[in-house]
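Engineer: Okay, predicted coordinates and the sequence, questions at the end:
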Amino acid sequence: MSMLSRREWLRTTGLGVGAGVALPGLLPASQMAHAMGGGVSYADMLRQMERDVTTARAAAGPIRLMYNENPFGMSPKAKDALMGHWAEHTWYVPPIRQEVAATFAKHVGVPVENVLVTQGSSEVLSILALAYNMDGGEIVAPWPTFEDLPRWGDTLKMRVHRVPLDHNLDHDLYQMDAKIGGATKLVFVCNPNNPTSNLNDDKALRDFVGTASKRALVVVDEAYIDFVDTPGHKSMVDLVLKGENVVVSRTASKLHGLAGLRVGFAIARADIVRKLQQYVTGDPNVFGLHAANASLQDTEYQTFAKAKNREGRTLLLDTLAKLGKKAAPSQTNFVFFQAGKPVEAMQGYFRSKGYLIGRAFPPYTDWCRVSVGTPEEMKGFCEVLPGAWG
Ligand SMILES: Cc1ncc(COP(=O)(O)O)c(C=O)c1O
């Protein structure tokens, strides 16, 4: 097979849904077991997947380290679930919608009435903006952060207070608190934060959310919580269970590798869930729901993906430290470091070496955001890294 047609073939077969795929690690678990000759454990399959995903991504073109995607894609068991329900693509209101809400509720330890399943967690943010700001409300958010909620505020012609991060790249809770006023409808916090990758101080943030939620609805974006290693770190879900004015958003896009299938979750008081339900723009797709349902129960895959992320992240952070570069203490699947050169120049350098990295996040225009790829990819990335300053 010529290089081009091999590349095209790998691209179109994607991560293992085609028949006769030469890379068994890209297949659903049941087919992978067969292709690997039987008698293999799931751990063996995940190792095979790691090798084959790295091969497939290298052949598919520049390596994507720009959108904080899971390089391994969905779990092999999630692929089985998706393929096993192929016929449901013709259905409205598939029962899996209720099922995945129940699975997620169990996963986070809340009653199912506190869960809303959405089209990615971006939809949680868009419907919050619609539901709470139609009558001229204000939003308070750190800056920079994941931009969807502030952007929706702009679109809806709301006043959005973007409060600069402090010198540690933490939310400036004092300044955020000062911006909360009578017109504030939503307060946004993102922990760990994107693009900075770091966790805020647990106690300080929890105290802030507790007091702010007496004055406005507080949105806690926990898209990256699955990657956090800090011992004792706790989600804010318990505040929902206490009946506080708090919405926690989660996603199947990151650890579960389902970004393209669009599944997210809101966790909130039942009355807030009912209110948000009125603003959803459609149903999540049936394949995403089946894949998410299986992935949430596939703890072995979750442990694998988290461990591989930690391996790649540590490698990159250690290499940056050796080069004397300042980096935020990442608790996510990406690293944010100070290049001391414009991001565009760094993007150009890495593109020439076969890697795509994140965009600029003003005012941090000399900081780079690099998503964590497979450990093998991160080795390659670290080899070319010093050349960025050469
Ligand atoms: C902090 C944060 N929240 C939410 C999202 C949206 O993710 P999705 O809509 O895929 O769930 C992202 C995506 O990168 C993110 O970084």
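Structural biologist: Ah, there it is.
Engineer: Near the ligand, which residues of the chain are found?
Structural biologist: 68, 120-122, 146, 190, 194, 221, 223, 251, 253, 259, 264 (C-beta under 6 Å from any ligand atom). For the C-beta atoms, the positions are set from N, CA and C on the backbone; glycine is no exception.
Engineer: Sort out which of those are in helices and list them.
Structural biologist: With helices taken from DSSP state H, the overlap with the residues of the chain next to the ligand comprises 120-122.
Engineer: Turn those into JSON lines, columns for pLDDT.
Structural biologist: Output for those, formatted as JSON lines (pLDDT from 0 to 100):
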{"residue": "120", "pLDDT": "97"}
{"residue": "121", "pLDDT": "98"}
{"residue": "122", "pLDDT": "97"}
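Engineer: can I get those in TSV with neighbour count?
Structural biologist: TSV is the format used below for those (neighbours: other C-beta atoms under 10 Å):
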residue	neighbour count
120	24
121	25
122	19
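Engineer: Pull the contacting residues for the residue nearest the centre of the chain.
Structural biologist: For the chain, residue 254 is the residue whose C-alpha lies nearest the centre (C-alpha atoms, centre = their mean; 3.4 Å). Contacts for residue 254 (C-beta atoms under 8 Å, 6 or more residues apart in numbering) come out as 68-70, 223-224, 226-227, 333.
Engineer: Residue 127: which of those is nearest?
Structural biologist: Sorting the contacts of residue 254 by distance to residue 127 puts residue 223 at the head of the list, at 16.0 Å, by C-beta to C-beta.
Engineer: and the residue found closest to that closest one once you drop the neighbours it is linked to in the chain, what are its bridge partners?
Structural biologist: Counting by C-beta to C-beta, 6 or more residues apart in numbering, residue 251 is the residue found nearest to residue 223 once chain neighbours are left out, at 4.8 Å. Note on residue 251: beta-bridge partners by DSSP bridges are residue 264.
Engineer: so residue 251 touches residue 266, yeah?
Structural biologist: No: using C-beta atoms under 8 Å, residue 251 makes no contact with residue 266, being 10.5 Å away.
Engineer: Name the residues contacting each of these two.
Structural biologist: Common neighbours of residue 251 and residue 266 (C-beta under 8 Å, 6+ apart) are residue 121.
Engineer: sorry, back to before: got the ones in helices among the residues of the chain next to the ligand as JSON lines, with distance to residue 370 columns?
Structural biologist: Shown next, in JSON lines, are these (distance: C-beta to C-beta, whole Å):
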{"residue": "120", "distance to residue 370": "22"}
{"residue": "121", "distance to residue 370": "22"}
{"residue": "122", "distance to residue 370": "22"}
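Engineer: out of these, who's nearest residue 137?
Structural biologist: Among these, and counting by C-beta to C-beta, the member closest to residue 137 is residue 122, at 19.6 Å.
Engineer: Need the max-distance pair from the residues of the chain next to the ligand.
Structural biologist: 190 and 259 (17.2 Å).
Engineer: Of the two, which one has the most company?
Structural biologist: The neighbour comparison of residue 190 against residue 259 (other C-beta atoms under 10 Å) goes to residue 190, with 23 against 19.
Engineer: Can you get me a residue count around residue 155?
Structural biologist: Residues contacting residue 155 under the criterion other C-beta under 10 Å number 12.
Engineer: where does the protein dip in pLDDT?
Structural biologist: For the chain, the stretches with pLDDT under 70 are 1-21, 134.
Engineer: hmm, try it at 50
Structural biologist: For the chain, the stretches flagged by pLDDT under 50 are 1-21.
Engineer: any idea how it splits into domains?
Structural biologist: 1-61, 82-297 (automatic domain parsing).
Engineer: Just say helix, strand or coil for residue 324.
Structural biologist: Assigned by DSSP: H, G, I helix; E, B strand; the rest coil, the conformation of residue 324 is coil.
Engineer: Just give the number of residues close to it.
Structural biologist: Residues lying near residue 324 (other C-beta under 10 Å) number 7.
Engineer: So residue 161 lies in a strand, does it not?
Structural biologist: Yes: under three-state DSSP, residue 161 sits within a strand.
Engineer: Let me see the contact set for it.
Structural biologist: Residue 161 sits next to 138-141, 176, 179 when contact means C-beta under 8 Å, 6+ apart.
Engineer: Which of those residues sits closest to residue 238?
Structural biologist: Lowest distance from residue 238 to the contacts of residue 161 (C-beta to C-beta) belongs to residue 176, with 21.4 Å.
Engineer: burial count for that closest one?
Structural biologist: Residue 176: 19 neighbours (other C-beta under 10 Å).
Engineer: List the backbone torsions phi and psi for it.
Structural biologist: phi -60, psi -40 (degrees, to the nearest 10).
Engineer: Identify the residues contacting it.
Structural biologist: 140, 142, 161, 163, 187, 208, 212.
Engineer: Same question for residue 346.
Structural biologist: 339, 357, 368, 388.
Engineer: From these, which land in strands?
Structural biologist: Using DSSP state E, the subset of these located in strands is 357, 368.
Engineer: Where does the stretch 1-150 of the chain get nearest to the ligand, which residue?
Structural biologist: residue 120 (2.8 Å; C-beta to the nearest ligand atom).
Engineer: CA atoms only for stretch 102-109, dumped as CSV, please.
Structural biologist: Output in CSV follows, covering the C-alpha atoms of stretch 102-109 (Å, rounded to 0.1, in the frame of the first residue of the first chain):
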residue,chain,number,x,y,z
ALA,A,102,-29.0,6.2,35.8
THR,A,103,-25.5,4.9,35.2
PHE,A,104,-24.0,8.4,35.5
ALA,A,105,-26.1,9.1,38.7
LYS,A,106,-24.7,5.9,40.2
HIS,A,107,-21.1,6.9,39.1
VAL,A,108,-21.3,10.2,40.9
GLY,A,109,-23.5,9.1,43.8
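Engineer: Let's have the contacts of residue 254 in TSV, adding neighbour count.
Structural biologist: Below are those laid out as TSV (neighbours: other C-beta under 10 Å):
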residue	neighbour count
68	24
69	20
70	24
223	26
224	25
226	18
227	23
333	27
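Engineer: before we move on, the earlier item: which of the contacts of residue 161 sit farthest apart?
Structural biologist: Farthest pair in these, by C-beta to C-beta: 138 and 176, 12.2 Å.
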